[in-house]
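> next come a sequence and a model predicted from it.
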Amino acid sequence: MRRAGVAVRGKDGTDEDGLAHRARGRAPWPVLGAALLVYLLSAGRMLGVRRTGMDNAVVVRAARALLDGGSPYADKRFLYLPGAVFAALPQAPFSDRTLTRAVPFVTAALVLAGVVLALRIFDVRADSRLAAAVVAGLGLFLPFQAIVHLGNWTAASVVAYPAALLLALRGRWSAAGAVVGAAIALKPMLVPLLLLFVLARRWRALAWAVGLPVAVSVAAALAMPRPQLFLTKTLPFLLHGQDDYAAPYDASWTAVLPRLGVPHHLAFALGACAALAALWCARTRWRAGGDEALRLVECGALLMLAAFLVSRPSFVHYALVILPALVASVVVRGAAARQVWFWMPLVPQIAGIPWPELGGSRRHAFKDIVMFTGAAAVLALAALRRRTAGRVTVSGAAYSLSSDPEPRSPSETR
């Protein structure tokens, strides 16, 4: 058995430590089967929960309203862009009973696809020990149980986010932009990821990511009655954080801090400052360089977390967009996910652990804000450490911590 700190030779001929070697290794079939069983049982138990698939049902109801000649935006609960209405049309002929039974497993399949893509970013096999651990862990993870229960269309972003990062890693930035744009056309979850194209100066990819959802939304709006309701009714409803029904589940700073006695304006200001700090750290992380896969994942996660901290609403299942890729990054030396502090905020999200006063569904936002804030803090501190790790100063001149035998002049190190 190899210890975590011992270097071993990877498949590509490079040295990797024992932790990465064991994580990448193929898991025994019984272990993989057990992990999948836990995953499927977790998804299947939602069939007995009241109002399973209710978020998906809202989109399907909007599609049926369109078929009946009405406006999808007459329903205040339909909060997606116009393209989502047409994407939901294939579900319209099926009965509510059929959809209730199918949606949890379709949602679980989408999340599983996102996990596989997240692992591929770091060249980790789908039958590896790490894959088995992630799949089994998701089965016990409250954000996963929440998205499966709701049938929320965030599942599309759970697939699109790692797919876009994987394409960008392989140099296919325009394709990555198209994937992000397609996901935004369904639900604008990945809008913060547009800043990644700005940081990378990939303007063609940015054009795809912006132009595709705009084109789809305009075309879909022109094909439905009273599309202006999106601007006059739906958008104001979203900007105000929805209503009292959704407020207890909102984990953004602007929603949770007032519940602790902080004035609303101060809570918004604090949330905005936290979001700006996360954005600055994302820029810092991008400029720090290093392993390209790790840079894409950690920078993208900071951009997404900046939105989760301040935007309303921020629900617990949003974490599934970024966490699979972050967990997969443990195979890389220096990854933020290798710190114990990264895992600490996730502990309250393990199903079955009772937390005094926080066990009810209307109070779990207090655990959710710890998860979002904790993950952002760990990634931000890791980015700041990387900023200064590559240089030391001797007698007023900067020297690179590299293999150069000769010291460089200050002008060469800028």
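All right, it came through fine. Numbers count the residues shown, from 1 in each chain.

> going forward, measure contacts between C-alpha atoms and count neighbours the same way
Noted.

> count of neighbours near residue 201?
11 (other CA atoms under 10 Å).

> now swap in residue 106 and tell me
Residues contacting residue 106 under the criterion other CA under 10 Å number 16.

> which SSE is immediately downstream of the helix or strand containing it?
Assigned by DSSP states H and E, residue 106 belongs to helix 96-121. Moving toward the C-terminus from helix 96-121, the next helix or strand (DSSP H and E) is helix 129-139.

> name the helices or strands packed onto that next one?
On a contact count with 3 or more CA pairs under 8 Å, 6 or more residues apart in numbering; DSSP states H and E, helix 129-139 meets helix 18-24, helix 29-44, helix 96-121, helix 323-328.

> what about 10 Å?
Using 3 or more CA pairs under 10 Å, 6 or more residues apart in numbering; DSSP states H and E, the elements in contact with helix 129-139 are helix 18-24, helix 29-44, helix 96-121, helix 142-150, helix 323-328.

> that helix versus helix 142-150: what angle between them?
Angle of helix 129-139 versus helix 142-150, following axes from the mean of the first three to the mean of the last three CA atoms, to 10 degrees, is 60 degrees.

> now helix 129-139: buried residues?
Neighbour-count burial for helix 129-139, counted by 16 or more other CA atoms under 10 Å, picks out 129, 130, 131, 132, 134, 135, 136, 137, 138, 139.

> so where's this protein shaky on pLDDT?
Scanning the chain for pLDDT under 70 picks out the ranges 1-16, 241-243, 389-414.

> pick out the residue nearest the middle of it.
Geometric centre of the chain, nearest residue: residue 321, 2.0 Å, by CA atoms, centre = their mean.

> that residue reaches residue 163, doesn't it?
No - Residue 321 is not in contact with residue 163 according to CA atoms under 10 Å; the separation is 11.1 Å.

> which residues are in contact with both of those two?
Common contacts of residue 321 and residue 163, defined by CA atoms under 10 Å, 6 or more residues apart in numbering, comprise 114, 118, 157.

> which residues does the residue nearest to the second one when sequence neighbours are not counted contact?
By the measure of CA to CA, 6 or more residues apart in numbering, the closest residue to residue 118 outside its immediate chain neighbours is residue 325, 4.6 Å from it. Applying CA under 10 Å, 6+ apart, one finds that residue 325 lies in contact with 114-122, 158, 161-162, 165, 293-294, 296-298, 300-301, 337.

> picking up where we left off before, what's the closest of the helices and strands packed on helix 129-139 to residue 61?
When those are compared for distance to residue 61 using CA to CA, the nearest one is helix 96-121, at 9.9 Å.

> flag every buried residue along the closest one.
99-101, 103-121.

> neighbours of residue 154, how many?
Neighbour count of residue 154, defined by other CA under 10 Å: 24.

> mind listing what it touches?
Contacts of residue 154 by CA under 10 Å, 6+ apart are 107, 110-111, 147, 160, 183, 186-190, 317-321.

> re earlier: ok, the residue nearest to the centre of the chain to residue 158 distance?
Separation of residue 321 from residue 158 (CA to CA, to the nearest Å): 4 Å.

> which neighbours do these two share?
Shared contacts of residue 321 and residue 158, defined by CA under 10 Å, 6+ apart, comprise 111, 114, 115, 118, 189, 190.

> isn't the fourth one right up against residue 327?
By that I understand residue 118. Yes - between residue 118 and residue 327 there is a contact under CA under 10 Å: 8.7 Å.

> residue 319 versus residue 168, what's the distance?
21 Å.

> who touches both of residue 118 and residue 327?
residue 131.

> mind giving me TSV with the shared contacts of residue 321 and residue 163 and columns for distance to residue 218?
Shown next, in TSV, are the shared contacts of residue 321 and residue 163 (distance: CA to CA, whole Å):
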residue	distance to residue 218
114	28
118	32
157	21
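
> between those residues, which sits nearest residue 196?
Ranked by distance to residue 196 (CA to CA), the shared contacts of residue 321 and residue 163 are led by residue 157 at 15.6 Å.

> in what helix or strand does the closest one lie?
Using DSSP H and E, residue 157 falls in helix 154-169.

> which ones are touching residue 116?
110, 124-127, 131, 134-135, 159, 162-163, 324-325, 328.

> count of neighbours near the closest residue to residue 335 other than its chain neighbours?
Nearest residue to residue 335, sequence neighbours excluded (CA to CA, 6+ apart): residue 329, at 6.2 Å. Neighbourhood size, residue 329 [other CA under 10 Å]: 25.

> any idea how far residue 155 is from residue 329?
21 Å.

> can I assume residue 175 sits in a helix?
Yes - the assignment for residue 175 is a helix, going by DSSP: H, G, I helix; E, B strand; the rest coil.

> what's the closest non-adjacent residue to it?
residue 167 (6.7 Å).

> who are the contact partners of the one you found?
Contacts of residue 167 by CA under 10 Å, 6+ apart are 121, 173, 174, 175, 176, 177, 179.

> quick check: the gap between the third one and residue 164.
Translated: residue 174. For residue 174, the distance to residue 164 equals 10 Å [CA to CA].

> and if you look at residue 225?
In terms of CA to CA, residue 225 sits 33 Å off from residue 164.

> residue 316 now?
Plainly put, residue 316 is 22 Å away from residue 164 if you go by CA to CA.

> same question for residue 199.
For residue 199 relative to residue 164 (CA to CA), the value is 15 Å.

> looking at those two, which is more packed in?
Between residue 199 and residue 164, counted using other CA under 10 Å, the more crowded position is residue 164 (25 against 14).
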